[in-house]
Each structure stands twice: as C-alpha cells, then as structure tokens.
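In: just to be clear, the model below is a prediction. Sequence and coordinates:
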Amino acid sequence: MFNQGLSLDQAPPISVVLRFFLSVPFFGVLFSLLLIVYPADVLIPNHPTSLSAMHLFFLGIISMSMIGSLFQMQSVLGGKPILSPLGNSLIIHLFFSVGLIALAGAFLFHLSAAFTIAAVLLGSSLIYLVRLILPLLFGGVTHDTLRGMRLALLSLLLTAVFGAVMANSFANESFEALHEAIRTAHYSLALAGWIGALVIAVAFQVVEMFYVTMAYGNWYKRNVFRTIALSLILKTLWLFLALPYIWVFDLFLAAVLLGFGVTTVVRLRNRKRRVSDISIEFWYAGMGLLFASLLSHIVYLYTASALYETTALLSFALFSLSIILGMMVKIVPFLVWFHLSSQGYLQTPIMSNIIPAKQNKRLFVLFGISSVLALLSFLTPVLLSLSGIGFFATFALLAYNLIGALRLYRHTKTTSPRMSMDFSSPS
Amino acid sequence: MILEFMRDDHRVCDHLYTDAENALAAKNSDEAKRLFGEFYRATNHHFDMEENELFVTFEKRTGMVGGPTQMMRYEHQQLRAQLETMQKALDEGQYDDFFGIGESMMIMLQQHNMKEEQMLYPMIDRVLGGDAQLMVQTLKETA
C-alpha cells in the first residue's frame, strides 16, 4: 500500500530517455529539408507535402521528445515504475520511428503500401505506449499533473486510432463520408488533448520548481483538464453527428489555453529566482507563440481564411517546440549529471559544463530567427525556405549539444574514479 | 497537516536559496554567503526533522524500514554532499561552480520535495491520523 513511487530504481537508464531525445534532431533535419525544398507545397493545408512535414514535426520532434520525457517523468510523478523500461522503450522507439518514416514517405511519394505500414507500426507503438503507462497512473495518490498525464495519454490513444483509420483511407484511396470529421477530431485531440494537456500538466510542476514561482491557482488546476476533456468529447460528438456551433468548443479550449499562457507569463515575471537562464526565454517565446496561435485560430473561425488556419497551426507548432527545447536544455544536462553522480563517479561534470550556456543561447537565437521567418512566410514561400535553413541549423546544433552531452557521459564513465556505493537497495 | 507544515518549510528553504543565488548574481558575495548559510542550516534542519522524528514514527507504525523513507534518506545524503560542495565553492570564490552545482542541486531538491509532497507526506498523514497535530507540535519544538 505504501511502497509506491519513491525508489531510485524507478529512474530509467539514461539511454531510455536519450534514445528518444537523440532522434529529435534527425526528424528535425528531415522536416527542415521539406521546408527548404518544397516551401510552397508545405504552406497549402492538406497538401501531401504539408501533411508529411506536419507529421515529421508533431510526431518526430514533439511527440518523440514527449514520449522520452514520459519515461522519465513517470518515475518522479507517476508513482509506479515502468516495467522493463529498456526493452519497452526500444520496441516503442523502433516501431514509432520506422512507422513515422513510412508515413512521411507515404505522403510525399504517394505510396499506398507505406500508409498501411505506417498505420500498423505507428498505431501499435502508440497503443502499446498508452497501455504501458496509463494503468500506472491509477490506483495511487492522485494530483493534478497526474490527471493531465492521463488525459494526454487518452487523447494520444484516440489520435492514433483516428490516424490509423485515415492512413487506411489513404492506402485505399477511398475516403468515407466521415473522413473530414475524423480528420478534425484527429488534430483537435492531438493538439489540445495530447500536446496541450501534457504541456500544462508538466508546467504545473516545473515552472514552480525550476524558477521558484507561485503555484498555479487551485481552481484552474482543478478545472483545466476537465474543461479540455469535456470540450474534446463534445467536439468529437458534434463532428460525428454533424451538429452546428462546433466552434463553441474551440472557444472553450482557447480560453483554457489563454488562461494557461497568461498565468504562466505572470508567474515567470514574478519568479523568485532571477539568475540568467535561457530556458525562461524559451518559455516566454512559447507563450507568445501560443497567444499568436489562439488569436489566429479565433480569426480563422470567423473568416475561414486558410492563411489564419496555417498561421494558427504554425504558431502552435512553434509554441510546442519552444517549450520542448526549453525543457531539453535543462533536463539533458541534469540527467547526465544525475546518472553519473548516482553511480558514484567522482569527476562528474557540473551541469553548466555538460552543455555550455552559450550553446543554449545560440540554440535559442537560431530557433527565434527560424520561427520569425516561418511566421512571415505568408508573404512569400522563399521565407519558408530560409526558415528551413534556420531550422536545419537549429536541429544540427541540438544534435551537436546532445551528442556532446552523451560523449561526456561516456568519457566520465571510462575515466573517472568511482566511489563505492554501499546504499542497500530499497525494498 | 504534515503535508502543509512540511510543504511550507520546503518553500521557506527554496526562498532562502533563491535569495542567496540572487545576491550572488548581483555580485553581493557577503550577503550571498550569509543567505546561503541560512539556507544550509534550514535545509539540514528540515532533513533532521524528517530523519529523527517523522520517518522514525512512520517506520514504527507501518513496519516499513527499507521503503520510501530509506530512499529519502539516501537522497538527503546526496543533497547534503551537494550543499557541502556549494559551500566550498562559495568560500573559495568559485562562483561559476556555485551556480553550476546549484542548478543540479535545485532540480534534485525539487524532485525530492515533489516526491515527498505528492506521495510520502500524504501517506504519513494517513498513517498518523489524529496524531498528526501532535507530530507537527513536536517538529516545531525541534526548531
């Protein structure tokens, strides 16, 4: 009854998390190449190239990082350990990566068989992931972050199911009457349910923890995930029943996300901890992009202009990337330090020497320039190509930073003297 | 009861640390040393309260000696070692090292606090039941 969630053994091996994180720049580079080579096509909503780029971004960059983070977070926040994290992460990562390459290729080169492969591999890896983690989030002490993680995983499950159905439609080039409803439900669940809920759930912990801010309000924490869940359920029902006023649910979702953004900015501005930290800039940039996304989406609801739809999606994508990069610049050095020091290596480098601050600042500058160019690309597709070059550099630098951290980890393990660790393992 | 009391104490420690860090960032090293000294004492006192009173009572009542409380003791040991290293860096004027070690100490401390606040303290509250008030009084007297 009581022995839950407090064992060092529950922290997964560093390779579990880094496997996912190191894949992010790989898919980031593929995404950037699409922006560079096919900028005009990427800007057309629902164009196959656009769909390829979008999935490389949201699955290969955002979801890849979020899945890696979930393996780590579960050990701290979830309360119960993930069984066989090494083997399970390997299977999920392999199926997910191959499935994503198949999906991106299927859209790009119109390959029917690749859609089927993608549906099987992506669908199975995501369902397996949810089946692995979701049951661990029930039965113990509950808190708001846990509720957010549950909602995120359930949304991911439904997103995957709808995605697999659509991949099957693309494979057979036969689109059922409900295709548009399924498509809208798919991206609403992915953006608000999977990404939105998980970012908010994590923010409840890390914003207060990393920057020593006031906690988010209890009323907001209690109701935010209920509102997102209810809005998504009703929106999905409305879509399938073809009922009017679906936009009302988007307004509820927008209000919740706006509340999150405003609260986060206020918390960060009044933070107690004032030392220079580039991750805060990533959070501010992320919140700015979230506001831009919400505004564009609301304008789109009233104008039905593709320009605002694209801008809303682009801003939301960049919002999530900003948060992911901001977290990575802190978490990766911490994980390297934590695993080395926990194993007793006496010459464990300090965090600021694992990824130097100036490298992280360069990452932020590259991200910022690339994002501005992407947001201005409605003026001319050339700007999206330039943005692609910027993102290529951003992900190359991210790869350099991550590989550097991993090399330092391995170097320390082979060269540093080690203290004998005589702490008996907890039961 | 225990949760609220100990959580508030965590926050007091957090604020003392950020005050010290902010003072050093503002190049006020004397003030930083004084504030870090306060943080050092407050954090060690917090660990002592847990190890000498709270965990012992929890272990006696549940019979769980090798469970979560042992892991918390192990983390206390790691954190104490980090505090010593930071104190040394501060005394020797190695301020970049102080900030660097402080970053990992802070994340580790916060993860540690999070586990206690979200899991261990609620468990202790359940185990102590009506005796929680008495325990808080005992903890206050150790100050």
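Out: Looks like it came in fine.
In: what about the residue nearest the centre of chain B, which helix or strand?
Out: Nearest to the geometric centre of chain B sits residue B:43, at 4.1 Å (Cα atoms, centre = their mean). Using DSSP states H and E, residue B:43 sits in helix B:29-49.
In: packing partners of that helix?
Out: helix B:2-25, helix B:68-91 (3 or more Cβ pairs under 8 Å, 6 or more residues apart in numbering or on different chains; DSSP states H and E). In short, each C-beta sits where N, CA and C put it, glycine included.
In: hmm, 10 Å instead?
Out: helix B:2-25, helix B:68-91, helix B:95-115, helix B:132-141 (3 or more Cβ pairs under 10 Å, 6 or more residues apart in numbering or on different chains; DSSP states H and E).
In: quick check: the residue nearest to the centre of chain B touching residue B:10?
Out: Yes: with contact defined as Cβ atoms under 10 Å, residue B:43 counts as touching residue B:10 (9.4 Å).
In: now do the shared contacts for these two.
Out: Counting by Cβ atoms under 10 Å, 6 or more residues apart in numbering or on different chains, the shared contacts of residue B:43 and residue B:10 are residue B:109.
In: helix, strand or coil for the residue of chain B most remote from its centre?
Out: If you look at how far each residue of chain B sits from its centre, by Cα atoms, centre = their mean, the farthest one is residue B:27, at 25.8 Å. Following DSSP: H, G, I helix; E, B strand; the rest coil, residue B:27 is assigned to coil.
In: repeat that for residue A:46.
Out: Residue A:46 - assigned by three-state DSSP - is coil.
In: next up, the contacts around it.
Out: Counting by Cβ under 10 Å, 6+ apart, residue A:46 has contacts A:54, A:183, A:306.
In: so which of these are in helices?
Out: Counted as lying in helices by DSSP state H, out of those, are A:54, A:183, A:306.
In: highest neighbour count among those residues?
Out: Sorting the ones in helices among the contacts of residue A:46 by how many neighbours each has (other Cβ atoms under 10 Å in any protein chain shown) puts residue A:54 first, at 23 neighbours.
In: surely it meets residue A:41?
Out: No: using Cβ under 10 Å, residue A:54 is not in contact with residue A:41, being 11.7 Å away.
In: next, show the common contact partners of these two.
Out: Common neighbours of residue A:54 and residue A:41, counting by Cβ under 10 Å, 6+ apart, are A:34, A:47.
In: what sits against residue B:6?
Out: Per Cβ under 10 Å, 6+ apart, neighbours of residue B:6: B:46, B:49-50, B:54, B:113, B:116-117, B:120-121, B:124-125, B:136, B:139.
In: excluding its backbone neighbours, what's nearest residue B:135?
Out: Leaving out its chain neighbours, the residue that sits closest to residue B:135 by Cβ to Cβ, 6 or more residues apart in numbering or on different chains is residue B:128, at 5.8 Å.
In: which strand or helix spans that neighbour?
Out: With DSSP H and E as the test, residue B:128 turns up in helix B:121-128.
In: closest one of the contacts of residue A:46 to residue A:274?
Out: The closest of the contacts of residue A:46 to residue A:274 turns out to be residue A:54 (Cβ to Cβ; 38.3 Å).
In: ok, now how distant is that closest one from residue A:39?
Out: Residue A:54 is 14 Å from residue A:39, where distance means Cβ to Cβ, to the nearest Å.
In: if we can go back for a sec, the contacts of residue A:46: which ones sit near chain B?
Out: Here nothing survives when the contacts of residue A:46 are matched to chain B using Cβ under 10 Å from any Cβ of the partner chain.
In: let me see the contact set for the nearest residue to residue A:158 once chain neighbours are set aside.
Out: Spatial nearest neighbour of residue A:158, chain neighbours left out: residue A:189 (5.1 Å); criterion: Cβ to Cβ, 6+ apart. For residue A:189, the contact set (Cβ under 10 Å, 6+ apart) comprises A:154-163, A:195-197, A:232-233, A:235-236.
In: per-residue pLDDT, residue 10?
Out: Just so you know, I chose chain A. pLDDT, the model's per-residue confidence, is 59 for residue A:10.
In: that was the other one, I meant chain B.
Out: Confidence score, pLDDT, at residue B:10: 94.
In: isn't it up against residue B:111?
Out: No: in this structure, residue B:10 is not within contact of residue B:111 by Cβ under 10 Å, at 12.0 Å.
In: residue A:325: which of the contacts of residue A:46 is nearest?
Out: Among the contacts of residue A:46, and counting by Cβ to Cβ, the member closest to residue A:325 is residue A:54, at 18.6 Å.
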